[in-house]
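Colleague: what would the 3D arrangement of this be:
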Amino acid sequence: MTHRAVTLDDLVLAGIAVAAGLAAAFLSRGLLRWLAKHAKRTRWSGDDVVVDALRTVVPWAATAGGLAAAGAVLPLTRTVQHHLDQVLTVLLIFVITLSAARVVAGLVRSVTQSRSGVAGSATIFVNITRILVLALGFLVVLQTLGISIAPMLTALGVGGLAVALALQDTLANLFAGVHILASRTVQPGDYIRLSTGEEGYVEDINWRQTTVRQLSNNLVVIPNGQLAKTNMTNFSRPEQELTVLVQAGVGYDSDLEHVERVTLEVVGEVMTQITGALPEHEPAVRFHTFGDSRIGFTVILGVGEFSDQYRIKHEFVKRLHRRYRAEGISVPAPIRNVSLQQGQIVIPQQRGGDDVQAADRAAAG
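Modeller: So this is what the prediction gives:
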């Protein structure tokens, strides 16, 4: 088939088509930038993700449309026209796939952040959705280029079995991470303690491992498979608020009613004045032990979150000690009496201060 030569009119029309496409891309980008500013004012973050993706897709689509129109007005051969259409189609599919992966991943992240009990910052769901969208886009590109994907899918199925056998540990960690998030036993932001001793705030759960930040700001990396198998205490579920027990004791000569009243007053001050304490917490003091030198009791404090307990304990002990001294309440320390005899040292059982004084008077008499 004979094709005519390119004329000046053809070049002018092609230039107009390309210029129109570029102008449409520029105008659409400006319009979408304006929409993005308004989208940020909304409470839902999903519209931000969609508009951000459109800011990439629409300008590229307008540019590709201008190039396609320019190719249509030029007297190109059928082969050249076919290749040009394929290149532009693949370019559009590539851009749309990247934008779709960004949109889907952003929406997944938005949903997980807006719902309680779902991983707010866990990257495992985001990564899985992004990989699935990119894989679908790649298959569409192959189909567009005329490459049959059926043999490839068959080969991937057979090869996937071999890969699964070779990557048992990796896949075990992957499915363990999915199970952990789906069961909602652990979520980013929770404070956990493992039976092996590791503890801290869960920073992230990805496809292979869980990252835990200790109170010292060090990061502990735990494989998901190990986390799923070990015994674990989650101090943030079902509620972040928890009770803290502080052990104390007073001398046998103390008025226990007076001790309880003073201790409850100090607990009330700490609960209302210290950040992280629970003002609505009902103070509680429970005597429980006749010790060697003191009567032991437990003070129950309420804290809003696990790490708050250290600051609250610190303030409570200081204030209780100062108040006991002002009220004349004694907190005796255990005393040991060491007797030296010929060639040997006899260390009797631990006794209180009153027992030691009685023994000294008997020895003096």
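Colleague: quick one: contacts for Val250?
Modeller: Contacts for Val250 (Cβ atoms under 8 Å, 6 or more residues apart in numbering) come out as Leu256, Val259, Arg294, Ile295, Phe297, Tyr324, Ile329, Ser330, Val331. Quick note: C-beta positions are derived from backbone N, CA and C, even for glycine.
Colleague: I figured the third one hits Tyr252, correct?
Modeller: Yes - contact criterion Cβ atoms under 8 Å: Arg294 and Tyr252 qualify, at 7.3 Å.
Colleague: buried subset of the contacts of Val250, written for ChimeraX?
Modeller: ChimeraX command restricting those to the buried ones, with burial defined by 16 or more other Cβ atoms under 10 Å:
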select :259,294,295,297,324,329
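Colleague: what would the contacts of Val250 look like in JSON lines with secondary structure, distance to Val108 and pLDDT?
Modeller: Shown next, in JSON lines, are the contacts of Val250 (DSSP: H, G, I helix; E, B strand; the rest coil; distance: Cβ to Cβ, whole Å; pLDDT from 0 to 100):
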{"residue": "Leu256", "secondary structure": "helix", "distance to Val108": "58", "pLDDT": "93"}
{"residue": "Val259", "secondary structure": "helix", "distance to Val108": "56", "pLDDT": "93"}
{"residue": "Arg294", "secondary structure": "coil", "distance to Val108": "57", "pLDDT": "90"}
{"residue": "Ile295", "secondary structure": "strand", "distance to Val108": "58", "pLDDT": "93"}
{"residue": "Phe297", "secondary structure": "strand", "distance to Val108": "51", "pLDDT": "95"}
{"residue": "Tyr324", "secondary structure": "helix", "distance to Val108": "56", "pLDDT": "93"}
{"residue": "Ile329", "secondary structure": "coil", "distance to Val108": "58", "pLDDT": "90"}
{"residue": "Ser330", "secondary structure": "coil", "distance to Val108": "62", "pLDDT": "87"}
{"residue": "Val331", "secondary structure": "coil", "distance to Val108": "56", "pLDDT": "86"}
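Colleague: closest to Pro59 among the contacts of Val250?
Modeller: Nearest to Pro59 among the contacts of Val250: Phe297, at 72.1 Å, using Cβ to Cβ.
Colleague: leaving out chain neighbours, which residue sits closest to that closest one?
Modeller: Excluding its sequence neighbours, the residue lying closest to Phe297 (Cβ to Cβ, 6 or more residues apart in numbering) is Phe287, at 4.3 Å.
Colleague: so the one you found: helix, strand or coil?
Modeller: Counting by DSSP: H, G, I helix; E, B strand; the rest coil, the backbone at Phe287 sits in strand.
Colleague: low-confidence stretches in the protein?
Modeller: Applying pLDDT under 70 to the chain flags the ranges 1-6, 10, 43-47, 49, 109-125, 149, 152-153, 155-170, 335-365.
Colleague: can you pull the domain assignment for it?
Modeller: 8-147, 173-234, 242-327 (automatic domain parsing).
Colleague: okay, these in JSON lines with distance to Thr154 next?
Modeller: Conversion of the domains of the chain to JSON lines gives the following (distance: least, Cβ to Cβ, whole Å):
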{"stretch": "domain 8-147", "distance to Thr154": "13"}
{"stretch": "domain 173-234", "distance to Thr154": "24"}
{"stretch": "domain 242-327", "distance to Thr154": "52"}
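Colleague: what is the neighbour count of the residue nearest to Phe297?
Modeller: For Phe287, the count of nearby residues is 14 (other Cβ atoms under 10 Å).
Colleague: does it touch Arg294 like I think?
Modeller: No - contact criterion Cβ under 8 Å: Phe287 and Arg294 do not qualify, at 10.7 Å.
Colleague: what's near enough to touch Ala101?
Modeller: Neighbouring residues of Ala101 by Cβ under 8 Å, 6+ apart: Thr129, Arg130, Val133, Leu134, Gly137.
Colleague: three-state assignment of the nearest residue to Ala36 once chain neighbours are set aside?
Modeller: Distance criterion Cβ to Cβ, 6+ apart; nearest residue to Ala36, sequence neighbours excluded, is Val51 at 4.8 Å. Under three-state DSSP, Val51 falls in the helix class.
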